[in-house]
Every structure is written in C-alpha cells, then in structure tokens.
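Trainee: Model the structure of this input:
(4 chains)
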2 protein chains.
Amino acid sequence: MELRTLRYFVAVGEELHFGRAAARLHMSQPPLSRAIRQLESELGAVLLNRSATGTTLTAAGETLLTEARELLDRAERARARVTAAAGPASLTVGILADSSDLGVNRLAAAYRQRFPEVEVRVRETDLTDPTCGLRAGLVDVALTRGPFEETALAVRELRADPVGAVLRADDPLAGRARLRLADLAERRWFQFPEGTDPRWQAYWNGGERRQGPVVRAVQECRHAVLWNGTVGMAPLGHEPPAGLAVVPVADMPPSRVVAVWNAGDPNPLVRSFVRTAAAVYGA
Amino acid sequence: MELRTLRYFVAVGEELHFGRAAARLHMSQPPLSRAIRQLESELGAVLLNRSATGTTLTAAGETLLTEARELLDRAERARARVTAAAGPASLTVGILADSSDLGVNRLAAAYRQRFPEVEVRVRETDLTDPTCGLRAGLVDVALTRGPFEETALAVRELRADPVGAVLRADDPLAGRARLRLADLAERRWFQFPEGTDPRWQAYWNGGERRQGPVVRAVQECRHAVLWNGTVGMAPLGHEPPAGLAVVPVADMPPSRVVAVWNAGDPNPLVRSFVRTAAAVYGA
DNA sequence: GGCGGCCGATACCGCGCGGGTATCGTTGCG
DNA sequence: CGCAACGATACCCGCGCGGTATCGGCCGCC
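Mentor: Numbering: from 1, shown residues only, chains lettered A, B, ... in the order given. Here you go, the predicted structure:
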C-alpha cells in the first residue's frame, strides 16, 4: 500500500469511473485498473463494485477513501514541515548570457512550483566560462552547453541542437541550404579570450585553430558577423536576428544542452534541480 | 515520497547507521543509501549528516522521523479499518489428500500472518478431482498438481517435481537408479475412477491406457503397490513409506505443483493467496 | 431482437527503477 | 603508516509500471 496507489484509488473513488480517473491522473486506463486490483488483493477486500452501468464503492472502499484522503493530506503536510524545518534555502543557477531560448523560463516555473520556498538566484555569465562559475563556487548548478573540461563535474545532457554557421544575410553562402566546414575554411572566426576552456573554444571553431576577433558575449558575436564578416557557429532552432542568417553545417556535431554541477555536491537542491530540468526537457 | 521510502528512512533514522538499517530492512546498503539520497533530493533538504565517525539527523531529519512514524502508523491503522469494514472474510482452499509435503504448512502460516482476520478453510479431496472441487464451487482456490483440463481456470505454477515409479522395495527394479516407462510396460498400473479428468489420468499412467485396480487416495495407491505389485507414479523429493521405493523415471515429464482458481473470480483473497503461495514457493 | 457503443478487463511489450555485487574514498585509530 | 569501518559509486539484471491494442459484456436504441 503505497501513497501512489492511494492517490490512484482516491481518483477512482471520486470519479467512480476508471477512464475519467485515469485522465485525471494523466495515465491510461489499463494500468490504473491493474493497480486498483492489486490494491484490493493486497488489502484482501473488494473496494469497488464494477458494472457496465457504473462503478460504486463498497463499504471497505468508502472506508479506504476517507482514510486515504487523510493519509495523503498528512503526507503533504509532513513534507511542508520538513522543508520548513530545513530552514531558508537558496540555489544559484548559472546560465550563459543571452541564452533565453534554453527553456529556462519553463524550468524556472516548474522548479518554483515544486519548491516555492527556495530562493532561486540566476547568474548570467559571458562566453568565457561555459561552466558559468561552477568551479569557482559562484553557482551551485549551471544550465549551459558543452563541451568543456569535465573533471570533478557531473553532467546531465538535456537536449542536443544541430548547429549552423552565422552569416550576414547578404553573404554569398547565406542562401545555401547546407554548408560544410570546408566552405568556411578561409573565413575569420570569432575567438574567445585567453584562458577559455580549450574544448569549448575548439568546438565553436569547428575543431581547428582559427584567426579572428575576440568576443565575450553573444551580442559581440553578432556585431562581429554584421560588421566584419566574421563567421561563427550557433545552435539552430530559433529565429536569427535581423540581418543575419544561420545555415546548418553538416559536419558540426550537435551542441549539447546540459546541466552541470560539482560532482559530490551534498546539496539536495542541486539534484532536484537537475531532475526537474530533465523532466522539463523530456530527457 | 512513498511509504516504502519512509520505512527506509525510519530505519536509518533509528539506527543512525546505514549498514545496520539495511540489515534490519533485509536489503543491502547501497540501494538504501541511494533511496535516502533520492528522498533528500525530492524534499530538497539534507536529512542526515554523514561522516565516518557516525551518522546524525539534521533538524529536517528529526522532523521527518516523527512525521514518518506517524504516517506509517496511520497507514497501518487505515489498513486495519478497511479490512474491518469489509466484514468477516473466509477462503476455502482445496488440497489433494495426503499431500502434506506440498509446503502447505509454511504457506498457511504466511497467509495467516498476512491476513489474520481471514478464516481459512481447508478441504482435502481424493485423487478423482485434481481441481479439488474448484469447478463445483466447493473451494475458492486449489493447491494441487497438474495436469488437468484448464478451461475457465487460471493456473500459476509454483514448482515442478521430478517423478518416479512407486515399487515394492523387493521389486527387481527397485534397485535401479533410473527407469524408463518401457521398463514398466507389462505391469498393472493403478487407475482412477470413471469420470476422472482425462489429462490427469493419462499423465499418471505415463501417457498410455493401462489396466489395474481403481484407487481414489494416496493410501490406496500404496496398498495396491504393496499387496498387488501394481506400479504407479509419484513425485520424488520425500522419503518413501516403509516397504516401498520410488525410482526416478527418465521419460516422465515433471509434475507441476500449481495454484488454480476460477478465472475472473472477483474475490481478492484468491489473488492474495496465490501471490503468497508464489512468494513462499519462490515462484 | 440484433447491433453499436461504452466501459472495464486482458494481453503483450518496452523501459526505467529498485534491487543486487564489487569496489572505491575518506576517516579515524592502533 | 597500514588497516578497518562506513558510506558513496559503478555497474548489472530482473521486475514492475505504464504504454497500446484488443476483448467481452452489458446497455440502449432503432
């Protein structure tokens, strides 16, 4: 007799209809029927009278319905008391500046709903540190992109985006449907500052050493493309800014959106944040 | 936050030692550690301070310990109320007479412990009906052996015993380590009365039509062997009665110990009995 | 009275989770 | 300094849960 099963039973007992109860529970009808049957066999009592005309509660079912409501209510209050006893909590999340397209909004909403009492601080960082200050202890968890040096970090992949070249809209290559890295070999690519994670730098340069202006933020990248004809890589999937075009590059490996935290961080909020992120992203 | 997890946490919170708590829960330490970690991440609070010197509860852990005890206690009382509301319950179990070796004793103990308020009636039947009166409604569930006509019956196999020939101890074949059915072709085999399930009859006759005295009970079989030199098949695995020998027969398929009930029987006690039986027999 | 539609049950499948064993890292102690 | 204790981690496997497809039985309707 687990709380999950009791939630199922309460839904059925209130709806008196397996199909509607299943819909309310966001599941399909057969596993719900099976769960109720198992509950009956575990308790050794018939809880529901099934018939084509309608489902009704037995005496035992009535009893369990009130008991289950009580139990679930108590459980919810127990959870509230525990989080209250844990004292004020906060979590600092690092994200790459301007990466508003990462679904951070949905994630923030889901997390705040799940842990309303946690103060979530968001720290945006420029492109010089893909881990957003994780190693320096500036953030508890980072929502960012790979790749980077992963030593002592724990990584959970959330999504993978195809990557394209950012070009001026009037660039001769901007009209092409697909490009290869070789098409861009002669261009200047924007570079990240000295000390930037080498794997990160190499990835966004298409695996080669390149020449080009140093940039620290997404805006700077755009400006470099617009004014200097520099090229660079960017994930696909959102509308390019006016005057720019993003053309898929076939031989760029996809860009991995990841959650990262310090391996062994004892803070349970970090784990719960990553779990929520994985759920929101469907990973 | 499920009740199972709370049971785990109570064990750890009381023992303040993962290894001992795991032993108390009859499980190993790693999954217990993991479950507690998941609980912490679900609640968003650290419950335990781990250190090599000892494990202690945090404030949140103290709170959860009392709350969890309370919840588990309430859950147990809810279960009791539900079974009380279901009214008096009884279950009639059919077994083959003289088959005391089937492990029925352990099963009865396990079931009574699980459902103390259920009156379990046991009905022993002779060898003429392998389903022990299940079809006639004389029993709710039968603990018996196959094979038999299974239409409209649900069957769960619990064990399979090798089968041997029952011979007088002074029979020339009694000293052999193994026999084949051909060795017994010329003997008289005991027969079951007219109307006995044909698959049952055929199985215990080694698949052939035979001649021999009609018997209805295990005792009669033994007498027929002792006094008339009749042969017959019996499951191995227990000491043969004085004066008799049981020699394995290579080409007899094993005898299946099964639980049987009427398919679609709505009585949840039947399902729970079968589940208990499967657990006791390790099936 | 036969037929279609509704509803719960059944059959079957794939995957994730909960359990296992083996091993590691840290810490405290002889 | 090595060892023992203890919790964490890594990895594997089997079962349970949730899914889809389908059945069966009981209604109402024409």
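Trainee: Next, the buried residues of stretch A:265-275.
Mentor: Neighbour counts over stretch A:265-275 (16 or more other C-beta atoms under 10 Å in any protein chain shown) mark A:267-275 as buried. C-beta: built from backbone N, CA, C; applies to glycine.
Trainee: do that stretch and chain B meet at all?
Mentor: Yes: judged by C-beta under 8 Å from any C-beta of the partner chain, stretch A:265-275 and chain B are in contact via A:266-269, A:271-272, A:275.
Trainee: who's in contact with A:Ile36?
Mentor: A:Ile36 makes contacts with A:8-9, A:12, A:18, A:47-48, as judged by C-beta atoms under 8 Å, 6 or more residues apart in numbering or on different chains.
Trainee: To clarify, my last question referred to A:Glu42.
Mentor: A:Glu42 makes contact with A:1, B:272 under the criterion C-beta under 8 Å, 6+ apart.
Trainee: and stretch A:97-117, does that touch chain B?
Mentor: Yes: contact of stretch A:97-117 with chain B (C-beta under 8 Å from any C-beta) involves A:Phe115.
Trainee: likewise stretch A:83-94?
Mentor: Yes: using C-beta under 8 Å from any C-beta, stretch A:83-94 reaches chain B at A:83-87, A:89.
Trainee: follow-up on the earlier one: so which of the buried residues of stretch A:265-275 sit within helices?
Mentor: Those of those mapping onto helices are A:268-275, per DSSP state H.
Trainee: Looking at these, spot the one nearest DNA strand C.
Mentor: A:Arg275 (8.8 Å; C-beta to the nearest atom of the strand).
Trainee: The closest one contacts B:Ser41, doesn't it?
Mentor: Yes: between A:Arg275 and B:Ser41 there is a contact under C-beta atoms under 8 Å: 6.6 Å.
Trainee: quick one on the thing from earlier: in strands only, show me the contacts of A:Ile36.
Mentor: Residues of those located in strands (DSSP state E): A:Leu48.
Trainee: Quickly name whichever of the contacts of A:Ile36 is closest to DNA strand D.
Mentor: A:Tyr8 (7.6 Å).
Trainee: how about the nearest residue to the closest one, chain neighbours excluded?
Mentor: A:Ala35 (5.1 Å; C-beta to C-beta, 6 or more residues apart in numbering or on different chains).
Trainee: same check, this time on A:Leu143
Mentor: A:Ile95 (5.0 Å).
Trainee: Tell me which residue lies farthest from the centre of chain A.
Mentor: A:Ala59 (45.2 Å; C-alpha atoms, centre = their mean).
Trainee: how about that one, what does it touch?
Mentor: Here A:Ala59 is in contact with B:85-87 (C-beta under 8 Å, 6+ apart).
Trainee: Likewise for A:Leu6?
Mentor: Counting by C-beta under 8 Å, 6+ apart, A:Leu6 touches A:64, A:68, A:71-72.
Trainee: same question, A:Glu15
Mentor: A:21, A:24.
Trainee: tell me the pLDDT at it?
Mentor: In this prediction, A:Glu15 carries a pLDDT score of 94.
Trainee: One more: A:Leu25?
Mentor: On the pLDDT scale, A:Leu25 gets 95.
Trainee: in the sheet, who's paired with A:Val163?
Mentor: In this structure, A:Val163 bridges to A:Pro235 when assessed by DSSP bridges.
Trainee: correct me, but it touches A:Met233?
Mentor: Yes: here A:Val163 lies in contact with A:Met233, judged by C-beta under 8 Å, at a distance of 5.1 Å.
Trainee: any shared contact partners between those two?
Mentor: A:249, A:252, A:255.
Trainee: now, which of those residues sits nearest DNA strand C?
Mentor: For the shared contacts of A:Val163 and A:Met233, the nearest to DNA strand C is A:Ser255 (22.2 Å; C-beta to the nearest atom of the strand).
Trainee: what sits against that closest one?
Mentor: A:145-146, A:160-163, A:203, A:233, A:235.
Trainee: Now a ChimeraX select for only the buried ones of those.
Mentor: Buried residues among the contacts of A:Ser255 (16+ other C-beta under 10 Å), as a ChimeraX selection:
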select /A:145,146,160,161,163,203,233,235
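Trainee: Need the worst-confidence member of the contacts of A:Ser255.
Mentor: Ranked by pLDDT, the contacts of A:Ser255 bottom out at A:Gly146 (76).
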